[in-house]
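[1] any chance you could fold what I've pasted below:
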Amino acid sequence: MNVKTRIVLTVLLLFLFTGTAQAALVRHYSKGMSQTMRIHRHKLNLAHVTYVCEHGWGKVKKEHCQAEKWLKRLLAPPAPIVSNWSLWSCITNGAYPGAPHEGNGYNGPYSGPLGMTTPWMGHYPPGGDWVHSDVATVYALAEKEYRKSGYSGIWLRQQWPNTSPPCTGG
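    Here you go, the predicted structure:
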């Protein structure tokens, strides 16, 4: 019996005894497999589960649709973590007084929520230009560079000399 056949039989048996495709996938794929391989297998299963969810019927369809939602949440990229959101928001509002929080203005070579040049610190705007980039993503890039600087106030003032001092009390 080859490996694929064994995997299919294992998942089928687990499905029969647990009652849901989701539980079968979790139990089978959580043992002795690398993270990369597990993600690869989940992606393969997502295609199958989606097909059954769209074309199946009854209880099987319902269970596969639940498994599809679970797999999509599992495979979704994590949201960027921005621990100094209020700082970046303050700099944004200082760069564009009276402008919306997203900072959708241009100011010479500076653009986007934080008034950045292109490229900025070796980063290019993920949305084509800084104005059309997601604010959380821009803030996450700034946070990454701020962390690299050791959360240095000097670095912050070098990047945003006019807008960061009021935000940091200096």
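[2] going forward, measure contacts between C-alpha atoms and count neighbours the same way
    Will do.
[3] tell me what the top helix by length along the chain is packed against?
    Determined from DSSP state H, the single longest helix within the chain is helix 35-55. Applying 3 or more CA pairs under 8 Å, 6 or more residues apart in numbering; DSSP states H and E, we find helix 35-55 packed against helix 58-75.
[4] got the angle between the helix it packs on and helix 35-55?
    If you take axes from the mean of the first three to the mean of the last three CA atoms, to 10 degrees, helix 58-75 sits at 140 degrees to helix 35-55.
[5] name the residues that touch the longest helix of the chain?
    If you take CA atoms under 8 Å, 6 or more residues apart in numbering as the criterion, helix 35-55 is touched by 29-30, 60-65, 67-68, 71-72, 75.
[6] and this protein, what are its domains?
    Per automatic domain parsing, the structural domains of the chain span 3-75, 85-168.
[7] with mean pLDDT as extra columns, can I get these in JSON lines?
    Compiled in JSON lines, those are given as follows (pLDDT from 0 to 100):
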{"stretch": "domain 3-75", "mean pLDDT": "73"}
{"stretch": "domain 85-168", "mean pLDDT": "80"}
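[8] looking at those, which one is packed in the most?
    Ranked by mean neighbour count under mean count of other CA atoms under 10 Å, the domains of the chain are led by domain 85-168, which reaches a mean of 17.
[9] end-to-end on that one?
    For domain 85-168, the first-to-last residue distance is 13 Å (CA to CA, to the nearest Å).
[10] next up, phi/psi of M116, please.
    For M116, the backbone dihedrals (degrees, to the nearest 10) come out as phi -100, psi 150.
[11] ranges for the strands of the chain?
    For the chain, applying DSSP state E gives strands covering 106-107, 110-111.
[12] for E143, give its distance to G56.
    Counting by CA to CA - E143 and G56 are separated by 46 Å.
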